[in-house]
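Peer 1: For reference, the sequence and a predicted model appear below.
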Amino acid sequence: MITLNGSIQRQFFFPADPLTTLIYFSELSRVALHLPHIRVVETYTGNQVRIRFQTVELGAYTISIYCDLELTVDVDNYAIYIAPMTGCEPVAGEATLNATTGYGFYNSTARLTPADDGTNIDYRFQFESKLERPRGLRMMPRRIVDRIAQSISMGRVGEIADGFMDNAAEAFADWLAMQKRTLTTDWLAAHGNGVAPAAEPRQGS
């Protein structure tokens, strides 16, 4: 088996106020498009999707991992949670000569606090999966398999986190230009009581 278990924490600055930032990241089917190495393969609702993570390791072995995810927003605390979606049929594990496919589990939390002219995002996520070895790796030394697991669990996880924020920030201006002037009031009316909660104070204030 190839055992993957990666976790990471990042802090980012985002060029919008906390409420607008919360709204921007609140629709999973849209923001998941900014994740490197990941493709949305099925959309159940706007905040419930199946994704496929795919990467080629050692220039020869294709790793594909499916996850079913659900996003929830904590408006009062300016937080966004992504967790495994319940009630979904896992993708069956399968290995060929130079590829392996399996199912995985992903959890993440993003907490937003005000910053000068924008928002600080404290972003943490964890990812785990167990995969059958491709047949081409079954006679390989354990250190080679561990090298692949380490590459995905740390290297690819870092690429996903950093690339996601870069891509999301780059796409933000175009998204914002398409929104109504009543974006925040309309969104709050649909997701709460129509009143924006007080954002957490700036760190160090």
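Peer 2: That came through fine.
Peer 1: which non-adjacent residue is nearest residue 21?
Peer 2: Counting by Cβ to Cβ, 6 or more residues apart in numbering, residue 119 is the residue found nearest to residue 21 once chain neighbours are left out, at 4.4 Å. All C-beta spots, glycine's among them, are computed from the backbone N, C-alpha and C.
Peer 1: That should have said residue 27, apologies.
Peer 2: Spatial nearest neighbour of residue 27, chain neighbours left out: residue 46 (5.1 Å); criterion: Cβ to Cβ, 6+ apart.
Peer 1: Assess the claim that the one you found and residue 29 are in contact.
Peer 2: Yes. If you go by Cβ atoms under 8 Å, residue 46 and residue 29 touch, sitting 5.1 Å apart.
Peer 1: Which one's more surrounded, those two?
Peer 2: residue 29 (18 against 12; other Cβ atoms under 10 Å).
Peer 1: quick one: residue 70 and residue 191, what's the gap?
Peer 2: Taking Cβ to Cβ, to the nearest Å as the measure, residue 70 falls 15 Å from residue 191.
Peer 1: let me redo that: residue 179
Peer 2: Counting by Cβ to Cβ, the gap from residue 179 to residue 191 is 15 Å.
Peer 1: Same check on residue 135?
Peer 2: 49 Å.
Peer 1: What residues sit buried inside the helix or strand of the chain at the bottom of the mean pLDDT ranking?
Peer 2: Of all helical and strand segments in the chain, the minimum by mean pLDDT, DSSP states H and E falls on helix 142-150, at a mean of 78. Within helix 142-150, the residues scored as buried using 16 or more other Cβ atoms under 10 Å are 145, 148, 149.
Peer 1: again with stretch 47-66
Peer 2: So stretch 47-66, judged by 16+ other Cβ under 10 Å, has buried residues 47-53, 55, 57, 61, 63-66.
Peer 1: Check stretch 11-25 too.
Peer 2: Buried residues in stretch 11-25 (16+ other Cβ under 10 Å): 12, 14, 16, 17, 18, 19, 20, 21, 22, 23, 24, 25.
Peer 1: before we move on, what about stretch 109-120?
Peer 2: Buried-residue list, stretch 109-120, by 16+ other Cβ under 10 Å: 109, 110, 111, 112, 113, 114, 115, 118, 119, 120.
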